[in-house]
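Colleague: just the structure for this:
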Amino acid sequence: MRKTFIAAALAAAAAGVAAEPATFTIDPGHTVVTFEALHMNTSTQRGRIQAKEGSVVMDRAAKTGKADITLDLTTLSAASSGLEGTLKGERLFNVAQGPTARFVADTFTFAGDALTSVSGTLTILGKSQPTTLKAARFNCYENAQLKREVCGGDFTGTIQRSQFGLGFLPNVTPDAVPLLIQVEAVRQ
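Modeller: Model (predicted):
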């Protein structure tokens, strides 16, 4: 009888322990968006944009999370300086008009303990669209240099550039643009 009481008390105490969300700050040096666009149905042109700032609040026990990440479009780079100028120009990202893009996620999806996707809203040039990013190799570890936990992984998704008002020549580049994203964030 005593063992049953102790077991019940331990189970009740464990059930009463609330999962705790942890806050992480994006590491801009390890958070990059790479995008691809087919050029004239021949070669794939790639561009890269650095994160400016952001935070992630995640509760792995409760399997919930939120993210708010701002991208610095002024860091946009490409292999060709001519392409880079075109990408930053008025016909595409219009960086002079809108120097940042923002992804705000409110849904983290898990399969068991593994993060499988993050869904939210991506805003570019003042236009917002629902966006889901699939997670791969998401992992958390204790960073020996920082003496803090770091979480990160690779994410993929596709956007329709026309939904954001990103123009170009329709016969030159398809509307669907694949995104390859690496993210790392440090626990605060």
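Colleague: could you give the bridge partners of F155?
Modeller: Beta-bridge pairing for F155 (DSSP bridges): A135, I181.
Colleague: let me know the pLDDT of it.
Modeller: With respect to pLDDT, F155 scores 98.
Colleague: test my guess that it contacts V118.
Modeller: Yes. Using C-beta atoms under 8 Å, F155 is in contact with V118, at 6.8 Å. For glycine as for every other residue, the C-beta is placed from the backbone atoms N, C-alpha and C.
Colleague: mutual contacts of those two, please.
Modeller: 133, 135 (C-beta atoms under 8 Å, 6 or more residues apart in numbering).
Colleague: more crowded one of these two?
Modeller: Looking at F155 and V118 with other C-beta atoms under 10 Å, you find the greater number of neighbours at V118, namely 27 against 22.
Colleague: can you tell me the element that one falls in?
Modeller: Using DSSP states H and E, V118 falls within strand 114-124.
Colleague: any chance you could map the helices in the protein?
Modeller: Assigned by DSSP state H, the chain shows helices spanning 2-16, 81-88.
Colleague: which stretch in the ones you listed is the model least sure about?
Modeller: It's helix 2-16: among the helices of the chain, that one has the lowest mean pLDDT, namely a mean of 43.
Colleague: mind checking how far stretch 94-112 is from the chain centre?
Modeller: Between the centre of stretch 94-112 and the centre of its host chain there is 6 Å, according to C-alpha atoms, centre = their mean, to the nearest Å.
Colleague: identify all contacting residues around that stretch.
Modeller: With contact meaning C-beta under 8 Å, 6+ apart, stretch 94-112 is reached by 49, 52, 58, 63-74, 76, 88-90, 115-126, 131, 133.
Colleague: quick one: buried ones out of those residues?
Modeller: Among the contacts of stretch 94-112, the ones that count as buried by 16 or more other C-beta atoms under 10 Å are 49, 52, 58, 65-73, 76, 88, 115, 117-118, 120, 122-125, 131, 133.
Colleague: quick check: T70 vs T23, distance?
Modeller: 16 Å (C-beta to C-beta, to the nearest Å).
Colleague: same deal with A105?
Modeller: 14 Å.
Colleague: so, low pLDDT: which residues of the chain?
Modeller: Where the chain drops to pLDDT under 70, the residues are 1-19, 168-172.
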